[in-house]
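Trainee: Sequence first, then the predicted structure:
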Amino acid sequence: ANILAQWPRALVLDITNRCNAKCSWCPQPELEDLGAMKMSLYHKIIDNYATQGGVIRFGTFGEPLMDKTFAEKIQYLKQYPSIHKIEVVTNAFFLNEKIAPVLIEHGVDVEISLDELEKDTFEKIKKMSYDIVRANVLNFLEQNDRSAKPVRVNFRIKSSLSRETTM
């Protein structure tokens, strides 16, 4: 406890508060002043955190892959050996052929927040295309499987449907 009180071993960053999903349970659609973190602020935070290091995790109320400078922000982290793990939480809508190689190449572990597995419920809850997300996830998993150094992939799934309905 004393060590943790001195320095957090994980830093969770929202580099953007924008999100393409409009999940019925999420407060994000009510956020104001939407935008992405300026690179100068990001550098200041990372430079400070890297003095002792740990894990960097992107994403809480925003969709990190919507940040147009996401790849640049990942590359910036690689200069610091003290940052030994990078993670991103994503709804996978932007987990496309452009960003997937960046994540795999830089060893960014990926947590995919699906919430629902059934198409109609998914689209009703998240207000985005199930088909795009599904295709992106499958393509990412294939690229990751072919990689010499695959990243860890975790799925976050919760459902508003009853157990009987999903069986």
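Mentor: Noted; the coordinates are in hand. Numbers count the residues shown, from 1 in each chain.
Trainee: Point out the other helices and strands that the lengthiest strand in the chain packs with.
Mentor: Among all segments of the chain classified by DSSP state E, the strand with the greatest residue count is strand 83-90. Under the contact definition 3 or more Cβ pairs under 8 Å, 6 or more residues apart in numbering; DSSP states H and E, strand 83-90 sits against strand 54-58, helix 70-77, strand 108-113. Every residue, glycine included, has its C-beta placed from N, CA and C.
Trainee: Contacts for that strand next, please.
Mentor: The contact list for strand 83-90, computed with Cβ atoms under 8 Å, 6 or more residues apart in numbering, reads 46, 49-50, 53-60, 63-65, 74, 77, 103, 106-113, 156.
Trainee: Which among those count as buried?
Mentor: Buried positions within these, assessed by neighbour count (16 or more other Cβ atoms under 10 Å), are 46, 49-50, 53-59, 63-65, 74, 77, 103, 107-113.
Trainee: So in the protein, which helix runs the longest?
Mentor: The helix of greatest length in the chain, counted in residues with DSSP state H as the criterion, is given as helix 130-146.
Trainee: now for the helix or strand that it is followed by, which elements pack on it?
Mentor: Following helix 130-146 in sequence order, the next helix or strand is strand 153-156 (DSSP states H and E). In terms of contacts (3+ Cβ pairs under 8 Å, 6+ apart), strand 153-156 is packed against strand 108-113, helix 130-146.
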